[in-house]
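# prediction below, plus the sequence it came from.
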Amino acid sequence: MTTPATPKPLLVIKDLSVSLEGARRSTKVAPVPVLRSVNLAVEPGTWTAIVGPNGAGKTTLLRACANLLGRRDNISGTIALMGVPLGSWAAKDLAVMMAWLGTADAFSDGDLSALTAWDVVALGRLPHQRWWPALAPLTPADEGVIQAVMMQTHTWQLRAKPLMQMSSGERQRVHIARALAVKAKMVLMDEPLLNLDPPHQAEWIQLVRSMAASGQAVVSVLHELNAALYADKVVVLVGGRITCSGAVSDEKTRAAITDAFSNRIEIRQLDGHWVALPRL
Amino acid sequence: MKTTSAAALLFFASVMVCLIGLLVGGGNFQWPWVAGQDAVTATIIGEIRAPRSVGAWAAGSLLGLAGAVAQGIFRNPLADPYLLGSSSGAALAVALCLSAAGWLGADVAGAAFWGGLLAVGLSGAAFAGALLAVLLTVALAGGVAQGTRLLLGGVVVGVVLGALTSFLVFLAPNVLLNMQGFMLGSTALLNWSAVLRMTAIGAVCVLIAMSLAKPLDALQLGERTARSLGVPLGRINMAFIVLLAIVTGTAVAHTGLIAFVGLAAPHVVRAWLPCQHRALLLLSSLTGGLLLLTADVIARWIFAPVELPVGLLTALIGGGYLLWRMRRVGL
Amino acid sequence: MQGHLQWLVGLAMSLVLGASQAATISLRGDDGVLLTLDKPATRVVTLLPSLAEVVCDLGACQRLVGVDRYTNWPPQTAAVPVVGGGLDPQLEAIFRVKPDLIVMAPSSRVIARLRDLGLPVLALEPKRMGDLKRTYSVIGQALGIATADQQFQALQNGLKGVRAAVVKEWLGKRVYFEVSDELYAAAPDSFVGETLTALGFENAIENGFGPFPKVNPEWVLRAQPDALIVAEGTQKGLASRPGWSGMRAVRAGRVCAMSQTEADALVRPGPRLIAGARWLVNCINEMPPPAGSE
């Protein structure tokens, strides 16, 4: 039952089934679906965490939300952003609405570019820049956003350092800053806490909560259950199907989470927070 | 160091080397004021050495740009201008042109037509062949969207066209020497109209590439992230691939295959002045020009009057610098 | 009477003048391009060894001011400056010797560049006997040597003379001529093939695969040539070629081994063909002819 206070969902996924191009073994055998009949709604001002065991399809789901699946992937069902199907959105408009942070973004050792932290975060302003004249330079407003976002992620002091010379944790924070710089209505992050140590993980959780409070929608795929349990809504994905989605305070949700991890975890409350402990 | 100072420095160095190039060659080191006194020397300096030196710089700058573009779109440090099959396409087209002229021009009258066509035709054929090979690669890869498929397609096209060329040479062995002579990189036959063509195309392409530099930077973050930032990946790839084909085709048509300039120039720039693509594209182009120009001048000076193959020197200079740099950085 | 005399003198003078005007030489090269010279060439650059040999055979060796690096005969050419190769001539060097005629093979790009620089280029590449005849004629015209055609005829006659020296039993026998040890043989429609035919031998290779086809060694074995003509270096390796130890010619030692000079003389279309032919015939005459072969 929706109450008048609940805002209209930003992103609505109906009956989404996805099978990936690479999953087809031969033309005779039907391709293995990665997502089956997924239904999901994302409201603005909320933080949704997607959890599930390895191979459940979490990254695929996130990519589907961001319209970043491959051209050849088989997609059935609908995904609508603000009522308009994702496929109908112009790339530039979509880029302003949605920011993406993927796991493959971490720079490899063979990286060539000499992009500094500032350069990377500045690329987050690309969706807002005009194309002609040949990509107008950054406005003072842009630079203000970049600085603010870098201070929030404690990367401002790294701004002149090339990415190649940074530790993986520093790089991860720079990428997070880049995703924030877009100032999009919806921010999608895949494994954002990789390489981050506990203090920075805590900072990230605070950051996301404040983003949700200011009206942005955040969807994150998280392996770190303890962080996920801080989210407004948890979506449990097992074998390509959503087994449950709801607040952590709901008994059903917690049962679904422990079930998804084969009952090898226990969810307990500690000082008013929920924590997940391995069941030995 | 800022980009503009770096560019100015490279340009100035190129001018200096070019001037040295005017004084060098054929075993005689001559001061330019001698030129006024002797018609033969004046012609040598003005009509042979000058277009050759400036042409070497122009061809090198085309290759430097192409190398930076290739390494940018494929995010691969080993990428060079020829990786989409353009070199094999050019070679095949030249071989076809030569053998057709051989078969059809067997009698003297027919040879007149082909003789005239050949002079323009070989360069034109090489250019067309390079472009068609890239087109074939794109078709094979099913579009420009995926980098890996393009690379693979380029390898396949290179191998297949190379085999076809070998077959053609087998059928008409007299073609072999001429074709190899064309494809073996050489700056010796550059004239002023070649210089004009290469410079014009180079200038236009550098400007276009620089205007598309920001999306190329975004691409370094990964294809998905670039897409999420609104970069029209398909169109950007297409634009850069077309640019790559034209620039490489132009260079090959005039100087044959000169390896290593396209590969080394961006690395030299990066080793010296890490920068984003807008600067990298321009500086790679200027570095490539300086590299080939220097190689050309040394090639005709060091064992004068014998000329070394210019490709040998580009490998020595470019490779040597990078080796030295790697040791300094402690890699 | 005065008027008539003046008219006659005038006519005579114009005839003389006209005759010297008509001394411009028109030459058509193998690429079909017409080259016009005001007078016979006196400073000649050749960029093909056979062309240098022809020029020297016509007695104009002293007019050579530049040769390519592969020219190695006659010995006088060693004193002539080298100006690069046929495909990669050094433009500066050529320019410096101020030639009034450059003769080279029709390699299009280089010719275009040379003509671009205003140099007079004649494209000639003798590949067959017929080409050689034309080469003699055209070069003779270019150098103003009226006896060029006779010089070529002398070569033909010389060849006939060498044929007359062939031992009777060897006439009509089959020979295999190998140009390079990677099994490139000479077919009848190559220059050396024509020489072999003119000397009265049958060629083990047939026409139809180009002048220098790469042959299957098995094929040669089956053809069972009566004599083998190969380069010096490959003579030892013949028996070790698969199956060739069984070849009659190999077993009986009917192999003529050519030094580089002899090979050049025979293969290169030029005046040395007589010397080469003579060496070949001497070599064959010394070998016992095959007994009762088909």
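Looks like it arrived, so ask away. Numbers count the residues shown, from 1 in each chain, chains lettered A, B, ... in the order given.
# so residue B:227 touches residue B:235, yeah?
No. Contact criterion CB atoms under 8 Å: residue B:227 and residue B:235 do not qualify, at 11.8 Å. Heads up, the C-betas are built off the backbone N, CA and C, glycines and all.
# between those two, which one's more packed in?
residue B:227 (22 against 13; other CB atoms under 10 Å in any protein chain shown).
# show me where the stretch 1-150 of chain C has strands.
C:25-28, C:34-37, C:44-46, C:64-66, C:101-104, C:121-123 (DSSP state E, counting those that start in this stretch).
# now render these as a markdown table, adding mean pLDDT and mean neighbour count.
As requested, these are exported to a markdown table (pLDDT from 0 to 100; neighbours: other CB atoms under 10 Å in any protein chain shown):
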| stretch | mean pLDDT | mean neighbour count |
| --- | --- | --- |
| strand C:25-28 | 90 | 16 |
| strand C:34-37 | 91 | 14 |
| strand C:44-46 | 96 | 29 |
| strand C:64-66 | 95 | 23 |
| strand C:101-104 | 94 | 26 |
| strand C:121-123 | 93 | 24 |
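# include distance to chain B when you put those into CSV, please.
CSV is the format used below for the strands of the stretch 1-150 of chain C (distance: least, CB to the nearest CB, whole Å):
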stretch, distance to chain B
strand C:25-28, 7
strand C:34-37, 9
strand C:44-46, 14
strand C:64-66, 12
strand C:101-104, 12
strand C:121-123, 8
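# quick check: which of those is nearest to residue B:75?
When the strands of the stretch 1-150 of chain C are compared by CB to CB, strand C:101-104 sits nearest residue B:75, at 47.9 Å.
# mind listing the strands that closest one pairs with, and their directions?
strand C:44-46 (parallel), strand C:121-123 (parallel) (DSSP bridges).
# contacts for the last one?
This points to strand C:121-123. B:115, C:27, C:29-31, C:33, C:35, C:101-106, C:111, C:114-115, C:138, C:142 (CB atoms under 8 Å, 6 or more residues apart in numbering or on different chains).
# show me which residues of the stretch 51-200 of chain C are close to chain A?
For the stretch 51-200 of chain C, no residue is in contact with chain A (CB under 8 Å from any CB of the partner chain).
# and the pLDDT at the residue lying closest to residue C:200 once chain neighbours are set aside?
Using CB to CB, 6 or more residues apart in numbering or on different chains and skipping residues adjacent in sequence, the residue nearest residue C:200 is residue C:171, 4.4 Å away. With respect to pLDDT, residue C:171 scores 91.
# equivalent analysis for residue A:23, please.
51.
# cool, the one 3 residues further on as well?
What the model reports as pLDDT for residue A:26 is 56.
# which stretches of chain B form strands?
Counting by DSSP state E, chain B has no strands at all.
# low-confidence bits of it, can you list those?
Chain B contains residues with pLDDT under 70 at B:1, B:26-37, B:101-120, B:330-331.
# could you redo the last one with a cut-off of 50?
B:105-110 (pLDDT under 50).
# tell me which residue is most central in it.
residue B:63 (3.5 Å; CA atoms, centre = their mean).
# can you point out the buried residues in stretch B:145-159?
B:145, B:146, B:147, B:149, B:150, B:151, B:153, B:154, B:157, B:158 (16 or more other CB atoms under 10 Å in any protein chain shown).
# can I get these in JSON lines with distance to residue A:139?
Formatted as JSON lines, these follow (distance: CB to CB, whole Å):
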{"residue": "B:145", "distance to residue A:139": "32"}
{"residue": "B:146", "distance to residue A:139": "34"}
{"residue": "B:147", "distance to residue A:139": "32"}
{"residue": "B:149", "distance to residue A:139": "38"}
{"residue": "B:150", "distance to residue A:139": "35"}
{"residue": "B:151", "distance to residue A:139": "38"}
{"residue": "B:153", "distance to residue A:139": "41"}
{"residue": "B:154", "distance to residue A:139": "40"}
{"residue": "B:157", "distance to residue A:139": "45"}
{"residue": "B:158", "distance to residue A:139": "46"}
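# I figured residue C:104 was touching residue C:86, is that so?
Yes. In this structure, residue C:104 is within contact of residue C:86 by CB under 8 Å, at 6.1 Å.
# I'd like the distance between the residue in chain C that chain B sits nearest to and residue C:122.
Evaluated by CB to the nearest CB, chain C has residue C:32 as its residue closest to chain B, separated by 2.8 Å. For residue C:32, the distance to residue C:122 equals 12 Å [CB to CB, to the nearest Å].
# does residue C:48 really touch residue C:110, like I thought?
No. With contact defined as CB under 8 Å, residue C:48 does not reach residue C:110; the gap is 11.8 Å.
# who touches residue 42 in this structure?
I'll assume chain A. A:9, A:10, A:11, A:12, A:48, A:65, A:186, A:217, A:219.
# um, chain C though
Residue C:42 makes contact with C:63, C:100, according to CB under 8 Å, 6+ apart.
# list the buried ones in the longest strand belonging to chain C?
Using DSSP E, we find that the single longest strand of chain C is strand C:174-180. Residues C:174, C:175, C:176, C:177, C:178, C:179 are the ones in strand C:174-180 that count as buried (16+ other CB under 10 Å).
# look at the second one and report its pLDDT.
Residue C:175 carries a pLDDT score of 94 in this model.
# give me the beta-bridge partners of it?
In this entry, residue C:175 is beta-bridged to residue C:203, residue C:227, by DSSP bridges.
# any low-confidence regions in the stretch 1-150 of chain A?
In the stretch 1-150 of chain A (pLDDT under 50), the answer is A:1, A:24, A:106, A:109-110, A:133.
# where along it do the helices fall?
Remark: helices assigned in the stretch 1-150 of chain A by DSSP state H, counting those that start in this stretch are A:58-65, A:91-97, A:117-123, A:140-152.
# could you dump these to TSV with mean neighbour count and distance to residue A:210?
Shown next, in TSV, are the helices of the stretch 1-150 of chain A (neighbours: other CB atoms under 10 Å in any protein chain shown; distance: least, CB to CB, whole Å):
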stretch	mean neighbour count	distance to residue A:210
helix A:58-65	23	22
helix A:91-97	18	20
helix A:117-123	25	18
helix A:140-152	16	9
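# which of these sits closest to chain B?
helix A:91-97 (2.9 Å).
# so what secondary structure elements neighbour that closest one?
On a contact count with 3 or more CB pairs under 8 Å, 6 or more residues apart in numbering or on different chains; DSSP states H and E, helix A:91-97 meets no helix or strand.
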